[in-house]
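S.K.: Have a look at this fold, sequence not included:
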């Protein structure tokens, strides 16, 4: 992996370590300050495991007051702080620094209130995404955003990254499902943005904090909207003989006014790999395979499904299968959700990209990726949240071969640059973190970036909170920008991805 | 050609005029740069449909964006439309109509309230105020539909954020921050707005003559049901006269619940909802598409407050608190209706003074809600807070304002004194 420049280490902090540990032990329960290498080693990386750095120490606060006091102390003594939720992020957003206090929020793991009358849940940030749905599903409710890592990722992390999922076409991402947060700013200020009501007046700090990747504040409480579980959910598996047909089908379904709950496309390489891996019953001869899911009442789902079926047929679908039971529907998804491990079988290493593109550019972008694949002589498999234009190419390579790694990195950067060129974005849902930091200048000019840095400086003038993330340090468009998995040795190899 | 443009631009920037009416982004940037240099505060206007909302403030010059108008790009299949900030909402809606699409957040029209007739205003104004209609709890508000923007900050610099795709987590989400900022941070120039297909059918279940407590119960059941409603309002008896439709002949208060989707599904869901609510045949009627649309347009346009004489407050509370709050508000001379399934209270007050306002603010803040003054007599404006803010958020807002507009030249004091 190429070297990564991080903010300059403050040696006075390193040499003052013992005193800092003593001081912080006075703020929180001393047992919650971890400083021995065996204790802090597990925190050296998140799910972007190619980058590792042991922090100065790890603090596990138990209350918002403790978070506030720790931040106030660090602010006063100019100590960097890196917040961390479940550590499942794919862009290195919680990578520690050698001279930082790692603020691990793991003890904030309780759901505080299930409020059915106002259809919301108030929770601490380190509760997992799925635990929220689990807590309310017996009453027929669920929390809509469903990043594929939902069994492990924390809701606070979801807020920090504005996580999406396969259903964000219909239900939006975290930001559209969030009502309120409690936040602690770097100077120790505790405040609430939003609450149980919608569109609180004043500047939308709730929206600003969402997706700010831990640079503006530490989230200590989250209030999310919950929705009624749909009566019926059905999915269709559709095969196409060309990518163009699949792309046209997506565009037409949307143009006809059907908004599916989810609409996924995989190319031939990934369809075969996932089918071999999970025996999902996919049409392996198809050049592109699509999963279309509708939810709602029986009539509604039936009506949309028939409409989608017609559109697929007009667009030369080669096969079409509609789920007859919930088990069958879940089987359709099982292959898609196992895309990561399935690729692990094909090559020693692969890198997962996360670009967003206009839906209509799918065929063009996939053709460009195929051309680049030939140019760099590296195989690639593609998964695509077709409904909302979020593309996840998986580039296969061998990290033990330096030339292969270099080529893979260039290939990845070329894909993301192309996504921006066709009117898309560098990252749809994984965040910028350290991974795509140097590519920011592809999407923004200096004035745009400077405006964002000024906002950061307004809330954290000494740039102590999660420094080195999101914004370029080198101001060069380096060839970086992917998730790297070596020999299946990702931090969480067993949880589903994207 | 270049020289000619430059000359025009120079003529345009004649600083003696008090109203600037730029046509290009570059002109707007030049004007603001000049104001920044000379410390000249600017009032930012679109079509002035909502200019009476907010605090009065002193601005030497006006930046009028009504000539900065037009659709830049409309891609129905990509579900977005890119427009200049001064583009009239009417123009956007009629363009979307051609492709059977809509602005799903249903921007409120304040024209009837302020001037007795429709005045939808401009898209820039709608985003800057972030007031959204009845579909809010299902489809989100204006801020949820702004995919990307270009704007000019208080130094005259052209900045952008977001894009035209729905999934984008590249950098801070400034689309959210600028929505509802009343033009105090950045002058929005180009806006990419998410659009959605119009539902195939839209019908409305009207439940006749419920009292408030029962109405809130019905609305709660409805919003918690799998019938997926897209609107839930309660109009007390006072406003019944505003809804004289063929299918609405009864007296008394009414609840309107909108159900949208494919025709057979809508029928099925309305039947299902009637069962869930356990209402009898003579207690309800169903408005067909045409009447349903009229009903919700009246609601979106706040027609019941046409040429209102008194004051209008917009109050949002957790729906679980609405009953108690309204009971307390009834000690004043009020008329009101409820939107957002009971969470949004549009409150008309015959008489208002600082004491009454303070009391009402107390009632609302006790239940963690908020209150915005939409209409109040001009001579009272200086003595009341139009928006309410606590000291911590004021401090943060001050810092954020400074990061966009360091010399406070963009709508200074429009939201809060000193910001």
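M.R.: Ah, there it is. Source: prediction; values computed, not measured.
S.K.: Tell me where the stretch 101-250 of chain B is predicted with low confidence.
M.R.: Segments of the stretch 101-250 of chain B classed as low confidence (criterion: pLDDT under 70) are B:247.
S.K.: what does the stretch 301-419 of chain B put close to chain A?
M.R.: Within the stretch 301-419 of chain B, the positions adjacent to chain A are B:316-320, B:340, B:343, B:368-370, B:372, B:387-389, B:392-393, B:395-397, B:399-400, B:402-404, B:415 by Cβ under 8 Å from any Cβ of the partner chain. C-beta coordinates here come from the backbone N, C-alpha and C atoms, glycine included.
S.K.: and the residue of chain A nearest chain B?
M.R.: Here chain A gets closest to chain B at one residue, residue A:207, 2.3 Å apart by Cβ to the nearest Cβ.
S.K.: Surely that residue and residue B:179 touch.
M.R.: Yes: shown here, residue A:207 and residue B:179 form a contact pair, counting by Cβ atoms under 8 Å, at 7.4 Å.
S.K.: Spatially, what comes nearest to residue 101 if we skip its sequence neighbours?
M.R.: Unless you meant another one, I'm taking chain A. Setting aside the residues directly before and after it, residue A:101 is nearest to residue A:81 in space (Cβ to Cβ, 6 or more residues apart in numbering or on different chains), at 5.1 Å.
S.K.: My question was about chain B, not that one.
M.R.: residue B:195 (4.7 Å).
S.K.: Can you report how many residues neighbour the one you found?
M.R.: Number of residues near residue B:195 (other Cβ atoms under 10 Å in any protein chain shown) recorded here: 22.
S.K.: That one: what's it in contact with?
M.R.: Applying Cβ atoms under 8 Å, 6 or more residues apart in numbering or on different chains, we find residue B:195 in contact with B:76, B:79, B:80, B:81, B:96, B:101, B:102, B:103, B:104, B:145.
S.K.: neighbours of residue B:273, just the number please.
M.R.: By other Cβ under 10 Å, 23 other residues sit near residue B:273.
S.K.: next one: residue B:224
M.R.: Residue B:224 has 19 neighbours, counted by other Cβ under 10 Å.
S.K.: Let me know whether it touches residue A:226 as I believe.
M.R.: No: Residue B:224 lies out of contact with residue A:226 (Cβ under 8 Å); the separation is 9.5 Å.
S.K.: Contact partners for the closest residue to chain A within the stretch 1-150 of chain B?
M.R.: For the stretch 1-150 of chain B, the residue closest to chain A is residue B:77, as judged by Cβ to the nearest Cβ, at 4.5 Å. Applying Cβ under 8 Å, 6+ apart to residue B:77 gives the contacts A:251, A:252, A:254, A:255, A:359, A:360.
S.K.: wait, is it part of a helix?
M.R.: Yes: Residue B:77: assigned to a helix according to DSSP: H, G, I helix; E, B strand; the rest coil.
S.K.: quick revisit: wasn't the residue nearest to residue A:101 part of a helix?
M.R.: No: counting by three-state DSSP, residue A:81 falls outside a helix, being strand.
S.K.: ok so, going back, can you select the buried ones from the residues of the stretch 301-419 of chain B next to chain A in PyMOL?
M.R.: A single PyMOL command suffices to select whichever of those are buried according to 16 or more other Cβ atoms under 10 Å in any protein chain shown:
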select buried, chain B and resi 316+317+318+319+320+340+343+369+370+372+387+388+389+393+396+397+399+400+402+403+404+415
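S.K.: May I see the contacts of residue B:195 arranged in TSV, with neighbour count as well?
M.R.: Output for the contacts of residue B:195, formatted as TSV (neighbours: other Cβ atoms under 10 Å in any protein chain shown):
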residue	neighbour count
B:76	18
B:79	24
B:80	22
B:81	26
B:96	20
B:101	20
B:102	18
B:103	23
B:104	21
B:145	26
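S.K.: With respect to residue B:212, which of the residues you listed is nearest?
M.R.: Checking the contacts of residue B:195 against residue B:212 by Cβ to Cβ gives residue B:104 as the nearest, at 28.8 Å.
S.K.: That closest one and residue B:144 touch, don't they?
M.R.: No: counting by Cβ under 8 Å, residue B:104 sits too far from residue B:144 to count as a contact (9.0 Å).
S.K.: Give me the common contacts of the two.
M.R.: With contacts taken as Cβ under 8 Å, 6+ apart, the residues that reach both residue B:104 and residue B:144 are residue B:194.
S.K.: which parts of the stretch 1-150 of chain B sit against chain A?
M.R.: Residues of the stretch 1-150 of chain B lying near chain A by Cβ under 8 Å from any Cβ: B:75-79, B:100, B:130, B:132, B:136-137, B:140-141, B:143-144.
S.K.: which of those has the most neighbours?
M.R.: The member of those surrounded by the most neighbours (other Cβ under 10 Å) is residue B:132, with 29 neighbours in all.
S.K.: tell me which residues form a beta bridge with that one?
M.R.: With DSSP bridges as the criterion, the beta-bridge partners of residue B:132 are residue B:107.
S.K.: residues touching it, list them.
M.R.: Residue B:132 makes contacts with A:199, B:105, B:106, B:107, B:108, B:140, B:141, B:142, as judged by Cβ under 8 Å, 6+ apart.
S.K.: before we move on, back to that, intersection of neighbour lists for residue B:224 and residue A:226?
M.R.: The contact sets of residue B:224 and residue A:226 overlap at A:119, A:141 (Cβ under 8 Å, 6+ apart).
S.K.: re the thing from before, overlap in contacts, residue A:207 and residue B:179.
M.R.: Taking Cβ under 8 Å, 6+ apart as the contact definition, residue A:207 and residue B:179 share the neighbouring residues residue B:143.
S.K.: Could you say which helix or strand holds the one residue sitting closest to the centre of chain A?
M.R.: A centroid search over chain A (Cα atoms, centre = their mean) returns residue A:430, at 3.2 Å, as the residue closest to the centre. Counting by DSSP states H and E, no helix or strand carries residue A:430.
S.K.: Could you save the contacts of residue B:77 as TSV and add columns showing pLDDT and secondary structure?
M.R.: Formatted as TSV, the entries for these read as follows, by pLDDT from 0 to 100; DSSP: H, G, I helix; E, B strand; the rest coil:
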residue	pLDDT	secondary structure
A:251	85	helix
A:252	89	helix
A:254	85	helix
A:255	79	helix
A:359	88	helix
A:360	87	helix
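S.K.: So which of these reach chain B?
M.R.: A:251, A:252, A:254, A:255, A:359, A:360.
S.K.: number of nearby residues for residue A:287?
M.R.: Residues near residue A:287, counting by other Cβ under 10 Å: 18.
S.K.: residue contacts, it?
M.R.: Remark: with contacts taken as Cβ under 8 Å, 6+ apart, residue A:287 is in contact with A:240, A:241, A:242, A:243, A:246, A:267, A:268.
S.K.: out of those residues, which is most surrounded?
M.R.: The most crowded member of those is residue A:246, carrying 29 neighbours; neighbours defined as other Cβ under 10 Å.
S.K.: What are the phi and psi values at that one?
M.R.: Here the main-chain torsion angles of residue A:246 (degrees, to the nearest 10) amount to phi -60, psi -40.
S.K.: sorry, back to before: and the residue of chain A closest to chain B, how far from residue A:177?
M.R.: Residue A:207 sits 12 Å away from residue A:177, taking Cβ to Cβ, to the nearest Å as the criterion.
S.K.: Those two - which one has more neighbours?
M.R.: Set side by side, residue A:207 and residue A:177 show more neighbours around residue A:207, with 27 against 21, by other Cβ under 10 Å.
S.K.: what helix or strand is that one on?
M.R.: helix A:205-209.
S.K.: Just to check, residue B:371 is in contact with residue B:364?
M.R.: Yes: under the contact definition of Cβ under 8 Å, residue B:371 touches residue B:364, with a separation of 4.7 Å.
S.K.: Now the common contact residues for the two.
M.R.: residue B:315.
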